[in-house]
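Chemist: coords please:
(chains A and B)
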There are 2 protein chains.
Amino acid sequence: MKLDTAPPRGMKDLLPPEVELRDRASATILSTYQRYGFRRVETPALEDLKLLLGSGGGENEKLIYKVLKRGAKLDAATTRGEDDLADLGLRFDLTVPLARYYAHNRATLPDPFKAIQIGPVWRAERPQKGRFRQFTQCDIDILGVASEIAEIELILATSAALVALCLERPRIRVNDRRILSAMATHCGVDARRHGEFFVILDKLDKIGREGVERELREAGHDDAGIAKLFDLFLSTEDRSPDGKLERLAATIPATAEAVEGLRTIVRAVAREASDRATLEFDPSLVRGMGYYTGPIFEAVHGGGTAAIAGGGRYDRMVGRLLGDDVPACGFSIGFERVVSILEERSEVAESSRERIAFLFDRDDRLTDVVAAAARLRSGDRVVSLTLKRKNLAKQLDDLAAEGFGAYAVLRPGSEAPEIKPLARRAAGGDRPNG
Amino acid sequence: MKLDTAPPRGMKDLLPPEVELRDRASATILSTYQRYGFRRVETPALEDLKLLLGSGGGENEKLIYKVLKRGAKLDAATTRGEDDLADLGLRFDLTVPLARYYAHNRATLPDPFKAIQIGPVWRAERPQKGRFRQFTQCDIDILGVASEIAEIELILATSAALVALCLERPRIRVNDRRILSAMATHCGVDARRHGEFFVILDKLDKIGREGVERELREAGHDDAGIAKLFDLFLSTEDRSPDGKLERLAATIPATAEAVEGLRTIVRAVAREASDRATLEFDPSLVRGMGYYTGPIFEAVHGGGTAAIAGGGRYDRMVGRLLGDDVPACGFSIGFERVVSILEERSEVAESSRERIAFLFDRDDRLTDVVAAAARLRSGDRVVSLTLKRKNLAKQLDDLAAEGFGAYAVLRPGSEAPEIKPLARRAAGGDRPNG
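Modeler: Here you go, the predicted model:
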């Protein structure tokens, strides 16, 4: 019986050049974050379902891969539902596990705690182009800092990492959950319906103003409130971030504290990092996760609208676990998006290591071959043993395409092998016009 | 409600110094393997259960974490068992996924294909000291090479990696599945019962000769056969690997081909790598996985008996997927064991990066603080912003313990901050007698 050899639906195999590009990208990000004083931590891929559910993860909680209990009885009489069958789930982000990690290890962690996490997360999304069911996130988080210095450091470090990857200077959209709440109240939305109101508003990029208006009306929001919402957006259009914020605070005094916080963030980043980030205040920015409590932000690459990084403040998540709230704030790079931008450019820097293919014949004594290869394999040099094929010309072409710069063969009667260069292929291979 | 914040049973959170040690260890292993021409690949954590089950993974197949089907109906009338509930599982090793990967991507992979895999695997083992339910493996595999040069390269590269980690020179025990089969036949064991015979023999290290004899008798093997088995072991004791192999081939001629292969491997490694590995032929070595077809080997550290690396030839695994057999061979480092040895030694090399804690007051202007920190953060230097606490002396102690070598503060009226060294703590901190 032949089995299907494709990876599971929505997941992917990574070929050597892909892994090498990813390794270089994550090393660049890691090194940048470390310069800002962040340090790497790791949590298990699996977490207790009780932790993952009700964590404020929004729609993502519906996409959790649940793991069958060991030895679960599948007795119809006792099995009432999934809760009886599963007790663990694969993490859907790195923030919820970090809050648990911090609550559990707080006594041994520095205060404030500045964490880097790079690792896979899993979501059972409907498969579509560019979306995967296992994907990597690169997060930095600061726990224990209530001041806007946390947001400022996160934005500076993240934009420094994006620029270190040679991406264009990102546009960073900022907003604040408290501003969203005040706006919703201003528009006559009952506090209990704020969540649903934000979910619809969050679709503005995708379905446009008319779509949002229609969905709000369908959800029973009245026309006066909807009109007030878009008046707010209009009245802050075409202004500098500072001007927009000033205008908003004048219209809705309840936003004053959040507005003052955003102004601090916008000014500090503008002064320090105008070369590597542009900040924009966008009162329609929502961010999906329900756990955010204060400033929220996302980075957009080039002229696009899709976020390559997103984050915000979640001051109450640790409190759910510890009893005491701990101020917390994070920024997460969508590693798959970044890698796909780097891949599209095909600016795949080659390794600087010298790579030699050592070709041997079936008749060569293996001990001689191994000994000669070991002598060549000095310093940083890569020496790979390969059986010589009948069609040597084709084999040498293949080796050059694999990135070998030279090949070596044993010389009869000599301990030192003969080394010959391989013709370098032009970048982009055989493609005409690159 | 407070939730339990411990990681799931048998899994662990990694603190920053632990992750940093692991990162250094895996970078050392990766760099060594790359010098031998291996290249990194990655597969998803989840695989189709049809692939994982019946893969020859032996006991490990019973330890698979199975993932609940999305939207699986939990209707008692239609749910007959786990097969109806789960279609994916977390990988229990990196070899079975690699065989699938090779079968799926063969057309775009070099021939021969030399793969590095570093990543987590999951087994629902009974929790015990030093055993985890999520743990990392570092594997190298060569696909497409039938000659013993594959085993030789794997053993040379793996022992080079262990030595690069500053571990003692490993003892490497070698055997061959064909030798085990010939021995079992020689002892009168029916071919259909070989597997069960090997499972008992594999316990020799743990339960000793008497235990193995008892279990074989209990399983219905006759005394004459059992006596023959131990005669074989006795007759090859106290000899060099070459001498043992010669003796075995003389006693059981059916072992001749496998013996010749092992002699080639033993001689080549002895000639090339006597400084970094000692090879021993051990006819009682079994290795748990059912998928091995030829030479098998494991590396033992120091005087212990527990393996820190294990591997062998599995020529028929790809054939199960592709239809055509592809010669294949791999060696896997048990990364958790290696890391725990490195941790016990507490030879945790500190990062050479200069680390400065930038202390600021609540009254300092954030933009000034951020600007001054950015000026300090040149080159490879780590600069971490931290709010000054009331008890500065205690804070400076804490910062020194975290590995900061200096701290900086703003100077009134000056753009350049003042930098002061922090007293270095002796390695081992406050502990008396290290």
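Chemist: Setting aside sequence neighbours, what's the nearest residue to A:Lys228?
Modeler: A:Cys187 (4.7 Å; CB to CB, 6 or more residues apart in numbering or on different chains). Quick note: C-beta positions are derived from backbone N, CA and C, even for glycine.
Chemist: Please determine how far that neighbour is located from A:Gly294.
Modeler: Separation of A:Cys187 from A:Gly294 (CB to CB, to the nearest Å) stands at 21 Å.
Chemist: Likewise for A:Arg362?
Modeler: Distance from A:Arg362 to A:Gly294, by CB to CB: 69 Å.
Chemist: Tell me which of these two has more neighbours.
Modeler: A:Gly294 (23 against 8; other CB atoms under 10 Å in any protein chain shown).
Chemist: The strand or helix carrying A:Thr28 near chain B anywhere?
Modeler: Secondary structure assignment for A:Thr28, by DSSP states H and E: helix A:16-35. Yes: using CB under 8 Å from any CB of the partner chain, we find that helix A:16-35 touches chain B at A:16, A:19-20, A:23, A:34-35.
Chemist: for stretch A:135-152, same thing?
Modeler: Yes: against chain B, stretch A:135-152 shows contacts by CB under 8 Å from any CB at A:145, A:147-149, A:152.
Chemist: Likewise for stretch A:290-307?
Modeler: No: against chain B, stretch A:290-307 shows no contacts by CB under 8 Å from any CB, the least distance being 13.8 Å.
Chemist: how about that stretch: buried residues?
Modeler: Counting neighbours by 16 or more other CB atoms under 10 Å in any protein chain shown, one finds that the buried residues in stretch A:290-307 are A:290-301, A:307.
Chemist: contacting residues for A:Ala115?
Modeler: A:38-41, A:98, A:102, A:139-143 (CB atoms under 8 Å, 6 or more residues apart in numbering or on different chains).
Chemist: Backbone torsions only: list them for A:Ile116.
Modeler: In terms of degrees, to the nearest 10, the main-chain angles of A:Ile116 are phi -110, psi 140.
Chemist: What residues does it make contact with?
Modeler: Residues in contact with A:Ile116 (CB under 8 Å, 6+ apart) are A:30, A:33-34, A:38-41, A:138-140.
Chemist: Could you do A:Leu88 as well?
Modeler: With CB under 8 Å, 6+ apart, A:Leu88 has these contacts: A:46-49, A:66-67, B:8, B:65.
Chemist: Closest one of those to A:Phe197?
Modeler: Comparing the contacts of A:Leu88 against A:Phe197 with CB to CB picks out A:Leu49 as the nearest, at 28.7 Å.
Chemist: That closest one contacts A:Lys66, doesn't it?
Modeler: Yes: the pair A:Leu49 / A:Lys66 is scored as a contact, 6.4 Å apart, by CB atoms under 8 Å.
Chemist: for chain A, what are the low-confidence residue spans?
Modeler: Within chain A, the ranges that satisfy pLDDT under 70 run A:1-2, A:71-83, A:346-352, A:424-434.
Chemist: Quickly list the domain ranges of it.
Modeler: Chain A breaks down into these domains under automatic domain parsing: A:16-175+A:240-345, A:355-421.
Chemist: which among the residues of stretch A:135-152 next to chain B end up buried?
Modeler: If you count burial by 16+ other CB under 10 Å, the buried members of the residues of stretch A:135-152 next to chain B come out as A:145, A:148-149, A:152.
Chemist: And these, which two are furthest apart?
Modeler: Across these, the longest distance by CB to CB is 10.3 Å; it joins A:Val145 and A:Ile152.
Chemist: Excluding covalently adjacent residues, which one is nearest to the residue nearest the centre of chain A?
Modeler: Residue closest to the mean C-alpha point of chain A, counted by CA atoms, centre = their mean, is A:Gly334 at 2.3 Å. Closest residue to A:Gly334 apart from its sequence neighbours, by CB to CB, 6+ apart: A:Ile308 at 5.4 Å.
Chemist: Looks to me like that neighbour is in a strand.
Modeler: Yes: under DSSP: H, G, I helix; E, B strand; the rest coil, A:Ile308 falls within a strand.
Chemist: mind listing what it touches?
Modeler: A:162, A:167, A:170, A:299-301, A:333-334, A:337-338, A:341.
Chemist: Save these as a markdown table, and put in secondary structure too.
Modeler: Shown next, in a markdown table, are these (three-state DSSP):
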| residue | secondary structure |
| --- | --- |
| A:Leu162 | helix |
| A:Leu167 | coil |
| A:Pro170 | coil |
| A:Ala299 | strand |
| A:Val300 | strand |
| A:His301 | coil |
| A:Ile333 | strand |
| A:Gly334 | strand |
| A:Arg337 | helix |
| A:Val338 | helix |
| A:Ile341 | helix |
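Chemist: Closest one of these to B:Glu196?
Modeler: For these, the nearest to B:Glu196 is A:Gly334 (50.4 Å; CB to CB).
Chemist: Report the contact partners of the closest one.
Modeler: Residues near A:Gly334 by CB under 8 Å, 6+ apart: A:135, A:137, A:307-310.
Chemist: just those now: which is nearest chain B?
Modeler: When the contacts of A:Gly334 are ranked by distance to chain B (CB to the nearest CB), A:Phe135 comes first, at 10.2 Å.
Chemist: Does the closest residue to that closest one other than its chain neighbours lie in a helix or a strand, and which?
Modeler: Leaving aside its sequence neighbours, A:Phe135 sits nearest to A:Glu336 (CB to CB, 6+ apart; 4.6 Å). Per DSSP H and E, A:Glu336 falls inside helix A:335-345.
Chemist: Could you check that helix and say which residues are buried?
Modeler: Neighbour-count burial for helix A:335-345 flags A:335-339, A:341-342 (criterion: 16+ other CB under 10 Å).
Chemist: got the angle for the helix or strand following it vs helix B:16-35?
Modeler: Following helix A:335-345 in sequence order, the next helix or strand is strand A:355-360 (DSSP H and E). Interaxial angle of strand A:355-360 relative to helix B:16-35 (axes from the mean of the first three to the mean of the last three CA atoms, to 10 degrees): 50 degrees.
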